[in-house]
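S.K.: Predicted model and sequence below, questions to follow.
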Amino acid sequence: MSELREQIENVIASEDVTLFMKGTPQFVMCGNSSRALEALRHAGAPVTTVDVLPDTRIRQELSAISSWPTIPQVFVRGELIGGADIVEELG
Amino acid sequence: MAADRLRNLLEQAFPASEVEVEDRTGGGDHFQITVSSARFDGLSLLEQHRLVNEALAAPFADGTIHELRIKTKGTQ
């Protein structure tokens, strides 16, 4: 297993809520990432965010792990919850 | 038209369903889709969206879809 993949899996497993997004909470680079972040904030959960933009391999490894093609992706206690639409709908 | 291609793929994947495809920006790459199908009955939202993503794997892979918003509904 690649080191990067291991790092991603460790974050997913160890953080309560992880949001893989385009950009950072301070500078969101995509509408759907923004929607997911807002929905999670509205739910009041502390969120750990990972920016996938600095290295295309992050997104490749993440989608290989989750079998989910798009960004953002939200994980809660190690499990994929979904993208922006699902988080909004559940929120 | 990219929207027609998406609609065709969704109608093939979800026969006897209601499919709406909206080109949100008019640019042919940001879409809002709504699918109402009995195939979604009893599935979690995650599983429902997975089925939609699978149906649209080709336009995802070739870059046709830049952004997608999904709304799924079962029949029950």
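M.R.: Sure, I can see it.
S.K.: Can you show me the helices along chain B?
M.R.: In chain B, the helices defined using DSSP state H lie at B:2-13, B:45-55, B:57-61.
S.K.: Correction: the previous question concerned chain A.
M.R.: Counting by DSSP H, chain A has helices at residues A:3-14, A:31-43, A:56-66, A:84-90.
S.K.: Now for A:N32: which residues touch it?
M.R.: By CB atoms under 8 Å, 6 or more residues apart in numbering or on different chains, the contact set of A:N32 is A:70-72, A:83-84, B:67, B:69. Bear in mind the C-beta positions are built from the backbone N, C-alpha and C, glycine included.
S.K.: which one of the helices of chain B is the most hemmed in?
M.R.: Highest mean neighbour count among the helices of chain B (mean count of other CB atoms under 10 Å in any protein chain shown): helix B:45-55, with a mean of 18.
S.K.: circling back: drop the exposed ones from the contacts of A:N32 and show what's left.
M.R.: With burial judged by 16 or more other CB atoms under 10 Å in any protein chain shown, the buried subset of those is A:70-72, A:83-84, B:67, B:69.
S.K.: okay, how far is it across stretch A:41-59, tip to tip?
M.R.: Stretch A:41-59 has an end-to-end distance of 23 Å (CA to CA, to the nearest Å).
S.K.: Mean pLDDT added to the helices of chain A, as TSV?
M.R.: Listed next are the helices of chain A as TSV, based on pLDDT from 0 to 100:
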stretch	mean pLDDT
helix A:3-14	97
helix A:31-43	95
helix A:56-66	96
helix A:84-90	94
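S.K.: how much space is there between the residue nearest to A:V28 when sequence neighbours are not counted and chain B?
M.R.: Once flanking residues are discounted, A:V28 sits nearest to A:S34: 4.4 Å by CB to CB, 6 or more residues apart in numbering or on different chains. Distance, A:S34 to chain B, using CB to the nearest CB, to the nearest Å: 12 Å.
S.K.: Enumerate every residue touching residue 71.
M.R.: Since no chain was named, I'll use chain A. Going by CB under 8 Å, 6+ apart, A:I71 touches A:20-22, A:30, A:32-33, A:52, A:59, A:62, A:83.
S.K.: look at chain B instead
M.R.: Residues in contact with B:K71 (CB under 8 Å, 6+ apart) are A:85, B:32-35.
S.K.: cool, and A:G83?
M.R.: Neighbouring residues of A:G83 by CB under 8 Å, 6+ apart: A:32, A:36, A:68, A:70-74, B:49, B:70.
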